[in-house]
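# let me see the structure of the following:
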Amino acid sequence: MNKIVHLLKHPLFIFFLLGTGMYVLYVLLGRYVENNSRKIVVSNAQIELLREDYFRTWSRYPTEEEMQSQIYGHVMDEIFYKEAVNMGLDKSDIAVKKRLRQLMEMMLDDYSTVYATEQQLREYLQSNPDKFREESTISFSHLYFDVNDKETAYKVLKNLKDASDISRYEGYSLMMVPVDFYSETMSNVARTTGKEFANQVFQLKTNEWQGPIASVYGWHLVWVENIEPGKVPDLNSVWDIVEREWAAEQKKIRKKEQYSLMRQQYEIVFEDTDKYTSDKS
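Residues are numbered from 1 along each chain as shown. Next up is the predicted model:
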């Protein structure tokens, strides 16, 4: 009896007993976790969610057969997901990581949703006038010369500067381009004559013949009558646009702040410390 008591009190026996107990506990917990990880519960709420998703896609509720197909697809998603996680694919597959990042960013988008007051919108409009400024407009006339007639254009320009009668040059025109433009925006002029030409005519002086200026068709002598700079509209006329831009900027700021808070919880270590630094992450 004394030997048994002595054995029970021996450190090696106690160590063996504790080790056995821990192993049994590990096996039981492992089986419990495995059993639960292999259990897929399709709740009534999940079925209703599948029905609503189907309705949002097809504008009608699914038939019984279609509902069975929806449930089948949901179960397949769950099985593949659990098997992929068990294989550790969620820790190594780049596509999965990118998808999870997208989900996190979507969550941050929802969290970062903000609503502006009228005063905030007015201040944003005042601070960013060029974002909402209307396009400048121009009124001008022009004479057209073929791409090979640049020298002719120079000669006509000299005559025009010497106050020659412009009616002599009425034939210098192009069928698909109007001779006179009235209060046209740069984008409209560009659609007709090309972006390069439009950019140049908006830089010209008014009330004098200038050129030759190249377009997608050839050369032009231009008389600019008037250039009206674009105005910043009243808030009420561009409320929705200003609100959208303000909200997008605020979301961007808040998402950056949220990421910064998450980033502070991690230590980034690079193997090649000469090439990379953690401050860039």
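# how about residue 250, nearest residue that isn't a chain neighbour?
Ranked by Cβ to Cβ, 6 or more residues apart in numbering and with sequence neighbours excluded, the top spatial neighbour of residue 250 is residue 114, at 4.8 Å. Using the backbone N, CA and C atoms, a C-beta is placed for each residue, glycine as well.
# same check on residue 129?
If you skip the residues right next to it in sequence, residue 129 has residue 232 as its closest partner in space, 4.5 Å away by Cβ to Cβ, 6+ apart.
# distance of that neighbour relative to residue 63?
Distance check for residue 232 against residue 63: by Cβ to Cβ, to the nearest Å, it reads 56 Å.
# please say which of the two ends up with more neighbours.
Neighbour count, other Cβ atoms under 10 Å: between residue 232 and residue 63, residue 232 has more, with 15 against 10.
# can you map out the helices along the stretch 51-200 of the chain?
Taking DSSP state H, counting those that start in this stretch as the criterion, the stretch 51-200 of the chain contains helices spanning 64-86, 94-111, 118-127, 129-132, 150-161, 186-193, 195-201.
# give me the average confidence score over the host helix or strand of residue 224.
The secondary structure element spanning residue 224 is strand 218-228 (assigned by DSSP states H and E). For strand 218-228, mean pLDDT rounds to 88.
# tell me the strands beside that strand, with direction?
strand 137-146 (antiparallel), strand 209-214 (antiparallel) (DSSP bridges).
# nearest to residue 227, of those?
Taking Cβ to Cβ as the measure, these were each checked against residue 227, and strand 137-146 came out nearest at 5.0 Å.
# list the buried residues of that closest one.
Residues 137-145 are the ones in strand 137-146 that count as buried (16 or more other Cβ atoms under 10 Å).
# lowest mean pLDDT across the helices of the stretch 51-200 of the chain, which one is that?
helix 94-111 (a mean of 72).
# residues in contact with residue 247?
Taking Cβ atoms under 8 Å, 6 or more residues apart in numbering as the definition of contact, the neighbours of residue 247 are 113-116.
# SS state for residue 257?
At residue 257, secondary structure determined by DSSP: H, G, I helix; E, B strand; the rest coil is helix.
# quick one: pLDDT of it?
At residue 257, pLDDT is 79.
# how close does it sit to residue 54?
As for residue 257, its distance to residue 54 is 38 Å (criterion: Cβ to Cβ).
# more neighbours, these two?
A direct count of neighbours by other Cβ under 10 Å for residue 257 and residue 54 places residue 54 higher, at 18 against 12.
# next up, the contacts around the more buried one.
Applying Cβ under 8 Å, 6+ apart, the residues contacting residue 54 are 61-62, 66-67, 70.
# kindly recompute the last result at 7 Å.
Under the criterion of Cβ atoms under 7 Å, 6 or more residues apart in numbering, the contact partners of residue 54 comprise 61-62, 70.
# go through those and name the one nearest residue 82.
residue 70 (19.0 Å).
# ok, now which ones touch the closest one?
Residue 70 makes contact with 50, 54, 62 under the criterion Cβ under 7 Å, 6+ apart.
# touching, residue 142 and residue 220? I think so.
Yes. Contact criterion Cβ atoms under 7 Å: residue 142 and residue 220 qualify, at 4.5 Å.
# looking at the contacts of residue 70, which is nearest residue 77?
Taking the contacts of residue 70 together and measuring to residue 77 by Cβ to Cβ, the closest member is residue 50, at 10.8 Å.
# next, count neighbours for that closest one.
As a measure of burial, residue 50 has 18 neighbours, counting by other Cβ under 10 Å.
# please compute how far whatever helix or strand it lives in lies from its chain's middle.
For residue 50, the element it lies in under DSSP H and E is helix 44-58. Its chain's C-alpha centre lies 29 Å from the corresponding centre of helix 44-58 when counted by Cα atoms, centre = their mean, to the nearest Å.
# just stretch 217-229 next, same as before
How far stretch 217-229 lies from its chain's middle: 37 Å, per Cα atoms, centre = their mean.
# what's in contact with that stretch?
Among residues not part of stretch 217-229, those counted as contacts by Cβ under 7 Å, 6+ apart are 136-147, 149-150, 153, 156-157, 160, 174, 177, 201-202, 204-206, 209-213.
# distance of the residue nearest to residue 231 when sequence neighbours are not counted from residue 201?
With Cβ to Cβ, 6+ apart as the measure, residue 134 is the residue that lies nearest to residue 231, at 5.5 Å, once sequence neighbours are left out. Spatial separation of residue 134 from residue 201 under the definition Cβ to Cβ is 18 Å.
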